[in-house]
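Q: Quick one, structure for this:
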Amino acid sequence: MPLRPQDLLTVGEVSRRTGVPVSALHFYENQGLIYAERTSGNQRRYPRHMLRRISLVQVAKRLGIPLAEVAEVFAALPMDRIPRKKDWDVISQRWKQHLEARRQEIERLEQELTGCIGCGCLSMNRCRLLNPADALAEEGPGARRLPPLDI
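A: Sure thing, here's the model as predicted:
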């Protein structure tokens, strides 16, 4: 018999369907990213709609998005029912904002790296990337970014 949207899945079934280890599922649950109901025997049972959330977590991980950021976006998504199109639209807009901010950060870093590599100055006094506004000068002379030598 095919599964219905309201059916609950065991942790093993969820792991098998998503490819996510059981330990990671428990971690995601502890982080508030997913939700599981408990049986009278205290066994986890996941609503089927958690599969989509888990898949989004996996995509976010692949893109290097921190789980805290995923949790922030997921906060607008209901845990206790199957999300509706309107719910997905809300988090889609949040994701879009987060991804746009990340894209802008990457572009800024790329420009700074290109400028730094391109100028070849390697000056700790002028470098906007490693020492903006020569902030390290306040700490005194010598290397500040290098670990001390073990002699």
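
Q: Which secondary structure elements does the strand or helix carrying residue 111 sit against?
A: Using DSSP states H and E, the element containing residue 111 is helix 85-119. Other helices and strands packing on helix 85-119, by 3 or more CB pairs under 8 Å, 6 or more residues apart in numbering; DSSP states H and E, are helix 67-74. From N, CA and C alone the C-beta is placed, and that goes for glycine too.

Q: same thing but 10 Å
A: Here helix 85-119 touches helix 50-62, helix 67-74, going by 3 or more CB pairs under 10 Å, 6 or more residues apart in numbering; DSSP states H and E.

Q: Residue 22 is nearest to which of those?
A: In terms of CB to CB, the element of the helices and strands packed on helix 85-119 nearest to residue 22 is helix 50-62, at 11.9 Å.

Q: ok, now how distant is the residue nearest the centre of the chain from residue 33?
A: In the chain, the residue lying closest to the centroid (CA atoms, centre = their mean) is residue 66, at 2.4 Å. Counting by CB to CB, to the nearest Å, the gap from residue 66 to residue 33 is 12 Å.

Q: and what of residue 42?
A: Applying CB to CB, the value for residue 42 to residue 33 is 21 Å.

Q: more crowded one of the two?
A: In terms of neighbours (other CB atoms under 10 Å), residue 33 is the more surrounded of residue 42 and residue 33; the figures are 21 against 6.

Q: That one reaches residue 52, doesn't it?
A: No: Residue 33 is not in contact with residue 52 according to CB atoms under 10 Å; the separation is 11.9 Å.

Q: Please enumerate the shared neighbours of these two.
A: residue 77 (CB atoms under 10 Å, 6 or more residues apart in numbering).

Q: and the lowest-mean-pLDDT helix or strand in the chain, how far out from the chain's middle?
A: Between all helices and strands in the chain, the lowest mean by mean pLDDT, DSSP states H and E belongs to helix 85-119, at a mean of 80. Offset of helix 85-119 from its chain centre (CA atoms, centre = their mean, to the nearest Å): 13 Å.
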